[in-house]
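*Asks:* Got a predicted structure plus its sequence, pasted below:
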Amino acid sequence: MTGLLQVDYNDSAAHRSSFYTANGFALYNRAIAGGCKAKVGEGEKMEIMDVFVEKMISKKKTAVDYAIYAILAVLVPPAMIGTFYIPVIQYIAPVFLAGIIYGTYLVVTGRNIEFEYAVTNGEIDIDKIVAKKRRKRLYSGDCRTFDILAKMDGSYYTQDMKSISNRIEAVSDMKSEDVFFFTANTKDGKVIVFFEPDRRMLDIFKNLIPRKMYE
């Protein structure tokens, strides 16, 4: 190989890629997912640019959500009508009415929850997004510090895993067949995190922590 070789990947699928010098020496071999650019000259080391992959999922509604909606449907209409008939507040009924409407809006939209995963060179950030505007960081760390990464419905989700009290459930539904979990030590102790990575993320993890990952 002579000169400088630049390889651009913009495919959503993962690729197993090997790079060789003119004499056949493998400079780099790894699964690359998402947009990755690599440059190499003869006899030189591979320079890999940042690899960034993200995914967002919506939390499915539960029985608790529907119960809250039902309670609001029963209580809110009478409360709105009552503001005009209660002597103490009827003169400021519009203010109370606006408060009821706004409060109902906050409760309803507050049940709309999404989770965003962002993986950058093995670093993973997991955020919770409420009503598409309020964001909270649930977890941030390097996958190389994981104790284990495995599917929840596999044999590695043992009683020891289930007994970890510090849990983060960043999934659409805990019954989903796509749920994985990992454990790691944080400043608050050991944590178990449940999430739903896509194939691109799994390929990145598999390349970085092959002995800790079980599909």
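*Replies:* Structure received.
*Asks:* Contacts for the lengthiest helix in the chain, please.
*Replies:* Using DSSP state H, we find that the single longest helix of the chain is helix 63-82. Helix 63-82 is contacted by residues Leu97, Ile100, Ile101, Thr104, Val107, Val108, Arg111 when judged by C-beta atoms under 8 Å, 6 or more residues apart in numbering. For every residue, glycine as well, the C-beta is placed using N, CA and C.
*Asks:* In PyMOL, select just the buried ones from those.
*Replies:* Buried subset of the contacts of helix 63-82, written as a PyMOL selection, criterion 16 or more other C-beta atoms under 10 Å:
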select buried, resi 97+100+104+111
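*Asks:* one step back: buried residues, the longest helix of the chain. List them.
*Replies:* Buried, per 16+ other C-beta under 10 Å, within helix 63-82: Ile68, Ala79.
*Asks:* Could you pull up the mean pLDDT of it?
*Replies:* Regarding helix 63-82, the rounded mean pLDDT is 91.
*Asks:* before we move on, what about stretch 158-175?
*Replies:* Mean pLDDT, computed over stretch 158-175, is 96.
*Asks:* go on, stretch 113-131?
*Replies:* 96.
*Asks:* Next, the buried residues of that stretch.
*Replies:* Neighbour-count burial for stretch 113-131 [16+ other C-beta under 10 Å]: 113-119, 122, 124, 126-129.
*Asks:* give me phi/psi at Ile192?
*Replies:* phi -120, psi 130 (degrees, to the nearest 10).
*Asks:* quick one, phi psi at the nearest residue to it once chain neighbours are set aside?
*Replies:* Leaving out its chain neighbours, the residue that sits closest to Ile192 by C-beta to C-beta, 6 or more residues apart in numbering is Ile164, at 4.3 Å. Phi and psi for Ile164, reported as degrees, to the nearest 10, are phi -70, psi 120.
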